[in-house]
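*Asks:* Build me a model from this:
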Amino acid sequence: MDTQFNINEDHALSLIAKLKKELDKIHLGGGQKRLDAQKAQGKMTARERVDYLLDTASPRIEIGAFAAYEMYEEHGGCPSAGVVVVMGYVSGKCCIVVANDATVKAGAWFPMTGKKNLRAQEIAMENKIPIIYLVDSAGVYLPLQDEIFPDKEHFGRIFRNNAKMSAMGVLQIAAIMGSCVAGGAYLPIMSDEALIVEGTGSIFLAGPYLVKAAIGEDTDQETLGGAYTQSEISGVTDYKMKNDQECLETIKKLIAQANPPKAESLQRVPSVNPKRNPKDVLGIYPDQAIKPYDMREIIECIVDDSAFTLYKENYGKTIICAYANIDGFSVGIVANDRKVHKSAKGEMQMGGVIYSDAADKAARFIMNCNQKKIPLLFLHDVTGFMVGTRSEHGGIIKDGAKMVNAVSNSTVPKISIVIGNSYGAGNYAMCGKAYDPRFIAAWPTAKIAVMGGAQAAKVLTQIQISALKNKGAEPNLEEEQKLFDTINERYQKQTTAYYAASRLWVDAIIDPRETRSWISMALQAANHAEVSAFNVGVLQT
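*Replies:* Numbers count the residues shown, from 1 in each chain. From the prediction side, this is the model:
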């Protein structure tokens, strides 16, 4: 290994160490004292419930661990948006599990909690896999009710999705393992089957205090909506459980007895490990995003046998298109190449930039994969489409539109991994979050923004300076530099993988060495849903 490889590896390991440190904090939820207090009530914690439910030693991926990261700090914070979402196997069947974390504001729903729950439901609907809700929540966080209540992507959409999934035949099982209040009470009861735990579980539209205020009736929580009331008097719930463990064991039995949906729509052959060590990705990816590297080497660390077939190898070189297998699944790979290339016309092409020929090539490859019903894997490290007079005269907008059109109308499962930069329209063309990837993850090195930090900061600085000049103020060079530094620092923070993950622009920040296994789990989930016919729509030639 050369010196630069070791430098790159050391840099990557430091980023991974930070990632693990932040995850350790997040896993504590509302803090150790609150975790201990929940256990003292005879309850398992949210993460313990998920671990108990999922099959031992089975593959799993967590969705949205960094949701709400460094958000809502004026409200005391909301680690992981107060809900744990993990996709894994229950009784041998791929499921998505959603568990409220009652140590975070009593499991109250913040705006990002709603968004994260909707993402979990979206995954269940797209991939036709069962969803299990482990409910323990005080309901909507009232100080922020205006940001979670009325809109299309707010709290009420959860129950609309309950109804839609029921009609689609997507199995929903809910366990009331703590509080379940007000509008949130609809979620378990709109599921296919509902369980409730004695002594700790309760469900009602209005709690004792609100009942007293509304109609003057004196009652207590257990009489109003405890396990006995809702399982033996009202019949609202289907199963009364003695404790958390019995409840989770019963869910395992219910999942085991359910017939799975039609599966295996994707071709899969026996898996072969990569010839190249997957850990090599740490030394291949540069310690500075501006440095070139060979994306083919990254691909060798991910795909079966480190083997792939390049499509139009010597045309449109700034995008790599290739057929390969990952854990036995056939995939079509669309990846940005960061090396500098010379086109057939003798023009130098910068790495990480999408030129007209590359966009045309990628659009055709995407259509071919849809024709063959091969899932698509996008590996992002893109600064955007090429600009300038020559590119505009060459029709870069039209060629870029072809690629965006093909991505938009693609019906095969799409998986995106943001390795490095993902800027502007390059993010769109490479299947960013707005283009419905089944799953999207980021390396700690990822940057997602309209444009690069330094360029954006220069533009914003010049705009502010012009505004000051129009008001008669003339900033000196020192003031200009201070203004630039302030804007650049803010912009750099807003482009990080953590900022993107906190807002669920990506599902997870992953250790680069786990890229292959993460993609495999995503493909296993996608293999439960049939691939519909592809119709590209209007695609100019």
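
*Asks:* need the helices for the stretch 401-541 of the chain, in chain order.
*Replies:* For the stretch 401-541 of the chain, helices defined by DSSP state H, counting those that start in this stretch occupy the ranges 424-429, 453-470, 477-494, 497-502, 515-526.

*Asks:* ok, and the closest non-adjacent residue to Arg157?
*Replies:* Nearest non-adjacent residue to Arg157, counting by C-beta to C-beta, 6 or more residues apart in numbering: Leu118, 5.9 Å away. (Each C-beta comes from the backbone N, C-alpha and C, glycine too.)

*Asks:* Just the element for that neighbour, please.
*Replies:* Using DSSP states H and E, Leu118 maps to helix 111-127.

*Asks:* For that helix, list every residue counted as buried.
*Replies:* 111-121, 123-127 (16 or more other C-beta atoms under 10 Å).

*Asks:* same deal with stretch 484-496?
*Replies:* Using 16+ other C-beta under 10 Å as the test for burial, stretch 484-496 gives 484, 487-488, 491-492, 495-496.

*Asks:* for the protein, which spans come out with low pLDDT?
*Replies:* Within the chain, the stretches with pLDDT under 70 are 1, 261-264, 393, 453, 537-541.

*Asks:* for it, what's the longest helix?
*Replies:* Of all segments of type helix in the chain, defined using DSSP state H, the longest is helix 3-27.

*Asks:* same for that helix, what does it pack against?
*Replies:* Here helix 3-27 touches helix 281-284, going by 3 or more C-beta pairs under 8 Å, 6 or more residues apart in numbering; DSSP states H and E.

*Asks:* Check which residues of the helix or strand that the helix it packs on is followed by are buried.
*Replies:* Following helix 281-284 in sequence order, the next helix or strand is helix 295-300 (DSSP H and E). Buried residues in helix 295-300, counted by 16+ other C-beta under 10 Å: 295-296, 298-300.

*Asks:* Ramachandran angles for Asn325?
*Replies:* When read as degrees, to the nearest 10, the backbone of Asn325 gives phi -120, psi 140.

*Asks:* what's the nearest residue to it once chain neighbours are set aside in contact with, if anything?
*Replies:* Leaving aside its sequence neighbours, Asn325 sits nearest to Asp304 (C-beta to C-beta, 6+ apart; 4.0 Å). Neighbouring residues of Asp304 by C-beta atoms under 8 Å, 6 or more residues apart in numbering: 271-274, 324-328.

*Asks:* Turn those residues into JSON lines, including neighbour count and secondary structure.
*Replies:* As requested, the contacts of Asp304 are exported to JSON lines (neighbours: other C-beta atoms under 10 Å; DSSP: H, G, I helix; E, B strand; the rest coil):
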{"residue": "Ser271", "neighbour count": "14", "secondary structure": "coil"}
{"residue": "Val272", "neighbour count": "14", "secondary structure": "coil"}
{"residue": "Asn273", "neighbour count": "12", "secondary structure": "coil"}
{"residue": "Pro274", "neighbour count": "18", "secondary structure": "coil"}
{"residue": "Ala324", "neighbour count": "21", "secondary structure": "strand"}
{"residue": "Asn325", "neighbour count": "19", "secondary structure": "strand"}
{"residue": "Ile326", "neighbour count": "24", "secondary structure": "strand"}
{"residue": "Asp327", "neighbour count": "22", "secondary structure": "coil"}
{"residue": "Gly328", "neighbour count": "15", "secondary structure": "coil"}
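
*Asks:* Dump those to JSON lines, plus distance to Ala500.
*Replies:* Listed next are the contacts of Asp304 as JSON lines, based on distance: C-beta to C-beta, whole Å:
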{"residue": "Ser271", "distance to Ala500": "30"}
{"residue": "Val272", "distance to Ala500": "33"}
{"residue": "Asn273", "distance to Ala500": "31"}
{"residue": "Pro274", "distance to Ala500": "27"}
{"residue": "Ala324", "distance to Ala500": "27"}
{"residue": "Asn325", "distance to Ala500": "29"}
{"residue": "Ile326", "distance to Ala500": "24"}
{"residue": "Asp327", "distance to Ala500": "26"}
{"residue": "Gly328", "distance to Ala500": "30"}
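
*Asks:* what's Val83 in contact with, if anything?
*Replies:* 46, 64, 67, 98-101, 107, 113, 116-117.

*Asks:* Return the distance of the helix or strand just after the helix holding Leu118 from the chain's centre.
*Replies:* Heading C-terminal from helix 111-127, the first helix or strand you meet, by DSSP H and E, is strand 131-137. Offset of strand 131-137 from its chain centre (C-alpha atoms, centre = their mean, to the nearest Å): 19 Å.

*Asks:* and Ala258, what is it in contact with?
*Replies:* Ala258 neighbours (C-beta under 8 Å, 6+ apart): 93, 130, 171.

*Asks:* Output the residues you listed in JSON lines, with neighbour count appended to each entry.
*Replies:* Shown next, in JSON lines, are the contacts of Ala258 (neighbours: other C-beta atoms under 10 Å):
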{"residue": "Lys93", "neighbour count": "20"}
{"residue": "Pro130", "neighbour count": "25"}
{"residue": "Leu171", "neighbour count": "24"}
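
*Asks:* Switch those residues over to TSV; also include distance to Lys339.
*Replies:* Output for the contacts of Ala258, formatted as TSV (distance: C-beta to C-beta, whole Å):
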residue	distance to Lys339
Lys93	43
Pro130	44
Leu171	47
